[in-house]
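Chemist: sequence unknown, structure follows:
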């Protein structure tokens with residue numbers, strides 16, 4: 001495992017032992033860091049390579065991947081710029097480590113920038129598992145996502161990412177041709193055991 005700074009991103013890279021598994025791009029939530037989702041990645045995709053960057057935006061003392069103007073209101077100009085920056089980092093890391101396109105596994109703020117990656121730089125990802133995500137743009141772009149696998153796991157009692165917003169996101173991806181599996185779980189914003197089981201099963205099919 002290495003913890004390095006590349007393209008201005010502090011990150012962890014754990015090389016995998018199972019070359020048949022696609023690598024995971026782990027994207028933490030607000031207040032997390034590059035180590036937060038490593039245990040989850042190991043649990044749901046044993047043997048996969050793990051690439052986990054640290055968000056560079058600070059909201060108080062909490063790290064994020066992009067700025068927001070208020071709860072649920074994103075700074076879309078910053079989101080766009082940060083998305084391209086993250087995409088460039090992923091492409092550089094792929095070249096350095098000889099990796100195929102990764103599947104993004106993002107939680108909350110990390111899931112939202114993963115959704116933005118799918119919309120702005122879809123070629124960077126082989127797919128995405130979005131945990132507690134919402135639409136990143138008021139007027140999203142319309143890339144061709146034909147065949148792109150996407151898993152959305154939302155919480156029916158989530159006070160931060162309303163289930164209705166997740167439905168809008170899922171419907172938007174379906175309209176772009178993606179292969180979307182959306183599950184609304186009896187959960188709040190935090191993850192529950194059902195999330196783990198669904199992630200394991202979905203990633204095993206990739």
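Modeler: Arrived safely, thanks for sending. Quick caveat, the model's predicted, so the values are computed rather than measured.
Chemist: show the end-to-end separation of stretch 30-38, please.
Modeler: 16 Å (C-alpha to C-alpha, to the nearest Å).
Chemist: what's the answer for stretch 181-198, then?
Modeler: With C-alpha to C-alpha as the measure, stretch 181-198 spans 10 Å from end to end.
Chemist: ditto for stretch 29-37
Modeler: One end of stretch 29-37 to the other measures 9 Å (C-alpha to C-alpha).
Chemist: ok, which stretches of the chain are strands?
Modeler: Listed in chain order, the strands of the chain (DSSP state E) span residues 2-6, 9-14, 24-27, 50-53, 57-59, 62-64, 68-70, 73-74, 103-107, 127-131, 149-155, 179-185.
Chemist: and the ones you listed, which is most packed in?
Modeler: Of the strands of the chain, the one with the most neighbours on average (mean count of other C-beta atoms under 10 Å) is strand 24-27, at a mean of 29. Every residue, glycine included, has its C-beta placed from N, CA and C.
Chemist: run through who's touching that one.
Modeler: The contact list for strand 24-27 (C-beta atoms under 8 Å, 6 or more residues apart in numbering) reads 34, 36-38, 40-41, 45, 48-53, 55, 65, 90, 102-107, 109-111, 113-114, 125, 203.
Chemist: which positions in the longest helix along the chain come out as buried?
Modeler: Longest helix of the chain, by residue count under DSSP state H: helix 76-97. By 16 or more other C-beta atoms under 10 Å, the buried positions in helix 76-97 come out as 76, 78-80, 82-83, 86-87, 89-90, 93-94.
Chemist: what sits against the most centrally placed residue in the chain?
Modeler: Centrality entry for the chain: nearest residue to the mean C-alpha point is residue 106, 2.9 Å, by C-alpha atoms, centre = their mean. Contacts here follow C-beta under 8 Å, 6+ apart; on that basis residue 106 touches 25-27, 112-115, 128-131, 133.
Chemist: swap in residue 30?
Modeler: Counting by C-beta under 8 Å, 6+ apart, residue 30 has contacts 59, 62-64, 108-109.
Chemist: recalculate using a threshold of 7 Å.
Modeler: 59, 62, 64, 108-109 (C-beta atoms under 7 Å, 6 or more residues apart in numbering).
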